[in-house]
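In: turn this into a structure:
(chains A and B)
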Amino acid sequence: MSNIAITDAGPSTAAKPLLTRLGAGFVSRLVIIVPYLWLLFFFFIPFIIVFKISLSQSAIAMPPYTPVLDFTDGISGFFAGFRDLNFDNYVWLTQDALYFKAYVTSVIIAAVSTILTLLVGFPIAYGMARAPATIRPTLLMLVILPFWTSFLIRVYAWIGILKPEGLLNQLLLSLHVINQPLIILNTYTAIFIGIVYSYLPFMVLPLYSSLEKMDYSLIEAAKDLGCPPTSAFWKITFPLSLPGVIAGCLLVFIPAVGEFVIPDLLGGSQTLMIGKTLWNEFFANRDWPVSSAVAVILLLLLIVPIMLFQQAQARAQEQDK
Amino acid sequence: MNATWSRFNVTSVVLGFAFLYLPIVLLIVFSFNESKLVTVWGGFSTKWYVSLFHNQGLMDATWVTARVGVISATVATVLGTLAALTLTRYTRFRGRILFSGMVFAPLVMPEVITGLSLLLLFVAVGLDRGFVTVTLAHITLTMCFVAVVVQSRLVSFDRSLEEAAMDLGATPVKTFFQITLPVIMPAIVSGWMLAFTLSLDDLVIASFTSGPGATTLPMKIYSQVRLGVTPEINAACTILIAVVAVGVVIASVANKRREVQRQLDEQAAQRG
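Out: Residues are numbered from 1 along each chain as shown, chains lettered A, B, ... in the order given. Reported below is the predicted structural model:
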C-alpha cells in the first residue's frame, strides 16, 4: 500500500529533483487537509456550537439567545462563563412530558418503519439478485432512479393518493371494497407508508449487493439434502445477507428518527415526532436554545446507531479491497 | 440461473417497482388535468404549465435553486473527490478516524440537526443568511455523498497503472490527471449529478440556512403544499422530474459511450 503522491518508494524516485519531491509531499498534504478542514469547520464545529447554545437562555434579541462562553471578555471572561452555564433547557426537556413522548414515539415509528421497509425490500432485492444477469443492471438502475426524483415530490404524491377523496379511496369505493372513505392521511399509518416508500431504495441497494454475492449452489445443496425451503432461508440466505440487512436498516432507521417532511406533510398536526418538535421550537417559537437542546439529546440517542453504521461502512470498504 | 427466477421472484420485483413508480406516474398524469381538483380527472390540459410560467415567485425560486445546485455540486465534487482519495489512499495519518467519521455521518444525520447546527455556525461567525449560506450548507452535505460514490470506484482501481506511469517518469500530479482522473471520471460525473439533485431536493437544511431573497424551489413548493394541493404544484414537480430524467439519461449514455471507447482503446493497445 504505497501512497500515490508521497514518492518515497522505488529507486526511480531517488533520482528526482528535491523540489519535485517536496512539491509532491505538499500536494499529498493538500489532498488531506482541504476536505479535512472543510468538514471540521462546517460539520464538527457546528455541533460544538449547538451544544454551547443549548446551555444558554432564550432572549428577545438577534440572535435570540444570551451570550454564553464567548471571548468578548478575554480568556478570564471565558472561564468565568462556566459559572453562568445554564442547564435549564435540559431540565425543561425532562419536565415537559411532550418532549419525552416525542422522542419515544420517533424511535418506535422509526423502528417499526425500518422493519416494514425490510419486509417490503427483502423480496424485491432477492428477486433482483436472482434475475437473469442480463437484466440485472436495468433493475438496479430502476431502483436507483427514484433517488434522483425529489424526496419532497415523492411525499407530496402520496397526499393525493391517501386523501379521504384521494385516488386510493376512489378506487376502493368504486370496487365496493369499502363503503366509507378510509381516513389514512394525517395518521401514523400515513407516516409508515411515507417512510417505507421514501427509504425503500436505501434498503434494497445494500440488500441486493450482499444477496448478489451469495453462492446459490448452497441452497441447491441444502435442497438436495432434504432441507425445506423456509429453513434453508433462515439457515443460509438470511445469515449470508446479514451485512446488507444491517446496513439497510441503519440507513433507514437513523434518518427516520429525525424525519421532518414525512410526519409534517402526511402525519398532520396530531402526530408527534421529534424532528417536527425541533422544527416548531425553532421556527414557530423561535426558541433557539431549546431546539439546540432537543438536537443534542437526539444526537446522543443516535450516536450508537451512527457508530455502528460507520463500522459497517469501514468493514464493507475492507472487503472491497 | 434463469430457471431459478421463480414466479415469486418475478412477482415481488414487479410489485416492488409498481410501488416505487405508481405515485410518481399518477403525479405526472394529474399535472395535465383540466380540473382544479388534483384527484378528479377533468380532461387533458396544459394550462397549469402556462400559469406556472407566469408565477414570478416560483420562477425566481427556480433560478435560485439552479444556481445553488450548480455551484454547490461543482465545489462538492472537487472536495468529495479529494476526500475519497484521502480515504482510500492514506490509510494512516493523525485524525483519520475522525475524518472518516465526518465523511460518513452526514449521510445518515437527521437533516434537522445538520440544518440547525450550520445555521448556528453562520450566526456565530456573523455571516448573513442567504444565497451564500445555503450554498455552503449544500456543499457540506453533498460532498460526503460524492466521496462515497468516488471511493467505491477508487477501491476497484488498478494501482499498477499509476505505478507504471510514475516509473516512466510522470510526476504524481501528472499521473493523477492523466491516469487516475480519466478512469474515475464516470464516478465523478455521477457524483456531481447526485450532489446536484440532492441540492435541488433539499428542503430542511435550506429552510434553516436560507434568508430573505434566497427562497429555493423546495421551500416554495413546501409553503404551497401546506396551503393545499394544486395541479400547478404537480406541474412544477413534473418539470423537475423531467429535467432530472433528461440529465440522468444523458449522463448514462455518455458513460456508456466512454466505456465502449475505453474498451476499443484497450483492444487496440493489446493488438499493439
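In: residues touching the residue nearest the centre of chain A, list them.
Out: Chain A has residue A:255 as the residue nearest its centroid, 3.1 Å off, counting by CA atoms, centre = their mean. Counting by CB atoms under 8 Å, 6 or more residues apart in numbering or on different chains, residue A:255 makes contact with A:199, B:108-111. In this view, the C-beta of every residue, glycine as well, is placed from N, C-alpha and C.
In: now for those, which pair is the farthest apart?
Out: By the measure CB to CB, A:199 and B:109 form the most distant pair in the contacts of residue A:255, at 14.8 Å.
In: which parts of chain B are helices?
Out: Counting by DSSP state H, residue ranges of the helices within chain B are B:7-30, B:47-53, B:56-89, B:96-108, B:111-124, B:131-155, B:160-167, B:172-175, B:181-201, B:204-209, B:217-227, B:231-271.
In: mean neighbour count, mean pLDDT and distance to chain A added to these, as a markdown table?
Out: Compiled in a markdown table, those are given as follows (neighbours: other CB atoms under 10 Å in any protein chain shown; pLDDT from 0 to 100; distance: least, CB to the nearest CB, whole Å):
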| stretch | mean neighbour count | mean pLDDT | distance to chain A |
| --- | --- | --- | --- |
| helix B:7-30 | 16 | 88 | 3 |
| helix B:47-53 | 16 | 86 | 14 |
| helix B:56-89 | 21 | 92 | 4 |
| helix B:96-108 | 19 | 88 | 4 |
| helix B:111-124 | 25 | 93 | 3 |
| helix B:131-155 | 23 | 92 | 4 |
| helix B:160-167 | 16 | 87 | 6 |
| helix B:172-175 | 18 | 84 | 4 |
| helix B:181-201 | 21 | 88 | 4 |
| helix B:204-209 | 25 | 94 | 5 |
| helix B:217-227 | 19 | 86 | 5 |
| helix B:231-271 | 15 | 79 | 4 |
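In: got TSV for the ones you listed, with distance to residue A:139 too?
Out: As requested, those are arranged in TSV below (distance: least, CB to CB, whole Å):
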stretch	distance to residue A:139
helix B:7-30	7
helix B:47-53	32
helix B:56-89	27
helix B:96-108	24
helix B:111-124	29
helix B:131-155	19
helix B:160-167	32
helix B:172-175	37
helix B:181-201	18
helix B:204-209	31
helix B:217-227	29
helix B:231-271	15
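In: among those, which comes closest to residue A:98?
Out: With CB to CB, the closest approach to residue A:98 among the helices of chain B belongs to helix B:111-124: 16.7 Å.
In: domains in chain A, as residue ranges please.
Out: Under the assignment automatic domain parsing, the domains of chain A span A:11-84, A:89-320.
In: what's the mean pLDDT across the last one?
Out: Per-residue pLDDT over domain A:89-320 has a mean of 88.
In: which of the contacts of residue A:255 lies closest to residue A:232?
Out: Taking CB to CB as the measure, residue A:232 sits nearest to residue A:199 out of those, at 28.7 Å.
In: so the closest one belongs to a helix, correct?
Out: Yes. Remark: residue A:199 belongs to a helix, assigned using DSSP: H, G, I helix; E, B strand; the rest coil.
In: for it, which non-adjacent residue is spatially closest?
Out: In space, and not counting its chain neighbours, residue A:199 is closest to residue A:252: 4.4 Å by CB to CB, 6 or more residues apart in numbering or on different chains.
In: what count of nearby residues applies to that neighbour?
Out: Using other CB atoms under 10 Å in any protein chain shown as the criterion, residue A:252 is surrounded by 27 other residues.
In: residues contacting it?
Out: Contact criterion CB under 8 Å, 6+ apart gives A:110, A:113-114, A:117-118, A:195, A:199, A:202-203 as the residues in contact with residue A:252.
In: and residue A:164, by the same measure?
Out: Remark: with contacts taken as CB under 8 Å, 6+ apart, residue A:164 is in contact with A:181-183, A:185.
In: how close does it sit to residue A:173?
Out: 11 Å (CB to CB, to the nearest Å).
In: go on, residue A:30?
Out: According to CB to CB, residue A:30 stands 64 Å off from residue A:173.
In: rewinding a little: any chance of the contacts of residue A:255 in TSV, with distance to residue A:244 too?
Out: As requested, these are exported to TSV (distance: CB to CB, whole Å):
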residue	distance to residue A:244
A:199	15
B:108	16
B:109	22
B:110	23
B:111	25
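In: dump the residue contacts of the nearest residue in space to residue A:42 that is not next to it in sequence.
Out: In space, residue A:42 comes closest to residue B:140 once its chain neighbours are excluded; the distance is 4.1 Å by CB to CB, 6+ apart. For residue B:140, the contacting residues are A:38-39, A:42-43, B:106, B:114, B:118, by CB under 8 Å, 6+ apart.
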